[in-house]
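Novice: 3D model of this:
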Amino acid sequence: MISIVDDDQSVREATMDLFRAMGFTAEEFACAQDFLASELRNNTSCLISDMRMPGMSGLELHSRLVEAGTPIPTILMTAFPNDGDKASALQAGVVGYLTKPFNETELLGLIHSVLKRF
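Specialist: Below is the predicted model of the structure:
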C-alpha cells in the first residue's frame, strides 16, 4: 500500500486518482500526525509526503519513523524546492525528492523502483 500525506486536499485527490488508475492500493492522510496514529502505517510499502506541512514536516515524519525502527521508503514533494532541503532529505535517506507540480511519470518510476527494492 502507498500512503500519501499532504495538507493540500487537491494534491491528495489527484495523487489518489493517479494511483487508482495505475492499480495501486493507496490511503491518504491530511497530516503526519494522522498517519502516525493510523494502524494503516504498518501496511505502507511507500510513503509520499509533502515536505512542508503544519505541525510536522515530511522530513520530520520520515525521521520519526527511522528513529522508531520502522522506516518506510519515503518520497518527499514540495512546492518550495531548494538545494538545502533536498540535500537534507537525501542525506536522511529519503528515496526521492519531487517538485510540485510533479511529473507523473517520474513519480510512478520512483514508486516502481521502491516496490522492487523494498
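
Novice: okay, now the unreliable bits of the protein?
Specialist: Applying pLDDT under 70 to the chain flags no residue at all.

Novice: secondary structure class for the residue most central in space within it?
Specialist: Central residue of the chain (CA atoms, centre = their mean): Ile48, 1.3 Å from the mean position. When classified by DSSP: H, G, I helix; E, B strand; the rest coil, Ile48 comes out as strand.

Novice: contacts only, for it.
Specialist: 2-6, 15, 74-77, 107, 111 (CB atoms under 8 Å, 6 or more residues apart in numbering). C-betas here are computed from N, CA, C, even on glycine.

Novice: which of those count as buried?
Specialist: 2-6, 15, 74-77, 107, 111 (16 or more other CB atoms under 10 Å).

Novice: name the nearest of the residues you listed relative to Met22.
Specialist: Of all the buried ones among the contacts of Ile48, Ile111 has the smallest distance to Met22: 8.5 Å, by CB to CB.
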